[in-house]
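Asks: Could you look at this predicted model? Sequence included:
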Amino acid sequence: MSRWAPERVLVAIKPWQRGLPLESQHASQLADAFGARLMITSAVFDARMASDAGRDDAAAPAGRARLLEAERVELEKLAQSLRAWGTSVSTRVVWGVPAYQGVLDVAREWRADLLVVGAHEEGLRVGTRLTDTDWQLMRLAPCPLLLVKDPFFTGYRTVLAAVDPTHPSPAGIDRSVLDVARTVAEACESELRVVHALPDPAHLPPSPVEIAPGVYCDADAIEELHRRAVDDLLASHGVAPEQVDLVQGAPAEVIARAAADRRAELVVLGALRRSQLEQALLGSTAEAVAAEVPCDVLLVPAPHAASDVAGQAPGATSTAKTAKPRRRGASSAARGRRPPAR
């Protein structure tokens with residue numbers, strides 16, 4: 001299986017954001033650790049100006065151009081502060097609403113391997129607030145999405161990967177989660193932990209459960225099936241048994257508790273693709289974890305979803321990437337370096 005080897009890291013920041021945004025620090029240090037290129041993007045929009053353009057106001061195009069240029073100048077100032085540390089940085093400003101659509105368009109066109117957005121609430125030392133843009137990117141991002149929440153980033157000492165090989169999810173999503181988690185852990189010289197939520201016997205019916213047509217299992221047999229599925233998955237990725245936590249309970253609660261117990265700075269888990277109606281009715285473990293845990297969260301889309309979207313990008317190819325050597329000294333930079341604030 002080809003390894004996830006990120007070559008393009010895209011960080012999306014809010015328009016007119018001054019200083020050195022937290023998500024830019026994370027993205028820059030991770031890009032250095034991966035030996036990847038970094039692009040900073042921002043989506044700009046003015047409703048009154050768009051309305052004037054709809055009425056064929058002759059001044060509207062010039063006003064729009066001024067807004068775009070002003071934001072380009074700000075992004076270039078930020079990029080220069082990162083280039084001073086040797087990071088390869090480009091910038092791009094797009095016009096449009098909703099903001100998440102502009103970010104998604106850039107991610108597809110540039111064929112980003114990792115999308116980074118900030119979820120830390122400005123003015124608070126600890127605390128997050130997920131916006132509608134965050135929720136939409138969680139559901140629609142064509143590549144792994146990193147939600148930056150930790151305001152004191154110095155690298156990831158512990159990376160926690162959440163897997164569920166027994167879930168009727170798209171084939172390969174757990175393997176993608178482990179692949180991405182292992183790549184980040186190696187780049188940042190982190191400890192890799194894995195967690196899986198075993199079914200709680202209290203929530204299983206007392207009579208045998210039909211797990212397949214004509215196949216029935218009692219509670220003990222169901223737990224054993226879970227354990228075997230996890231063992232098979234981890235064996236294929238070379239993960240040792242002592243790196244795994246198997247805990248009974250609801251998945252979102254188990255993952256959040258494991259992140260706290262292991263003091264994880266990053267949780268990696270799969271992001272399933274479902275309709276908005278299904279999201280509203282059924283909820284999502286990924287969304288619950290992203291909203292609750294205080295650490296950074298990296299959401300990995302199902303492999304077929306990512307490839308489907310990538311196929312829409314101009315010049316996209318189906319050639320699998322292979323892992324490339326990390327730049328010498330990159331991991332230490334990811335752990336301790338902080339770019340200067342402007």
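Replies: Perfect, I can see it now. Keep in mind it's a predicted model, so treat the numbers as computed, not measured.

Asks: in the chain, which ranges drop under the pLDDT threshold?
Replies: Scanning the chain for pLDDT under 70 picks out 1-2, 16-19, 47-60, 120-129, 168-171, 202-219, 273-283, 304-342.

Asks: Scan it for its longest helix.
Replies: In the chain, taking DSSP state H as the definition, the longest helix is helix 60-83.

Asks: can you pull the buried residues of it?
Replies: Within helix 60-83, the residues scored as buried using 16 or more other C-beta atoms under 10 Å are 60, 64, 67, 71, 74-76, 78-79, 81-82. (Each C-beta comes from the backbone N, C-alpha and C, glycine too.)

Asks: from these, which is closest to Leu30?
Replies: Of all the buried residues of helix 60-83, Leu82 has the smallest distance to Leu30: 12.1 Å, by C-beta to C-beta.

Asks: Can you tell me which residue is spatially central in the chain?
Replies: For the chain, the residue nearest the mean C-alpha position is Leu145 (2.2 Å; C-alpha atoms, centre = their mean).

Asks: That one contacts Asp113, doesn't it?
Replies: No - applying C-beta atoms under 8 Å as the test, Leu145 and Asp113 come out as separate, 11.3 Å apart.

Asks: Not counting its own residues, what contacts stretch 260-268?
Replies: 150, 155-162, 177, 180-181, 184, 190, 193, 245, 255, 258-259, 289, 293, 295-298, 300 (C-beta atoms under 8 Å, 6 or more residues apart in numbering).

Asks: Alpha carbons of that stretch, as CSV, please.
Replies: Output of stretch 260-268 as CSV, limited to C-alpha atoms (Å, rounded to 0.1, in the frame of the first residue of the first chain):
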residue,chain,number,x,y,z
ALA,A,260,-7.4,12.8,27.8
ASP,A,261,-5.9,9.8,29.5
ARG,A,262,-3.1,9.6,27.0
ARG,A,263,-2.6,13.4,26.9
ALA,A,264,-2.8,13.3,23.1
GLU,A,265,-2.1,16.5,21.2
LEU,A,266,-3.6,15.1,18.0
VAL,A,267,-6.6,12.8,17.4
VAL,A,268,-6.8,11.3,13.9
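
Asks: what about the nearest residue to Ser88 once chain neighbours are set aside, neighbour count?
Replies: Of all residues beyond its chain neighbours, the one nearest Ser88 is Arg37 (4.8 Å), with distances taken as C-beta to C-beta, 6 or more residues apart in numbering. Residues lying near Arg37 (other C-beta atoms under 10 Å) number 18.
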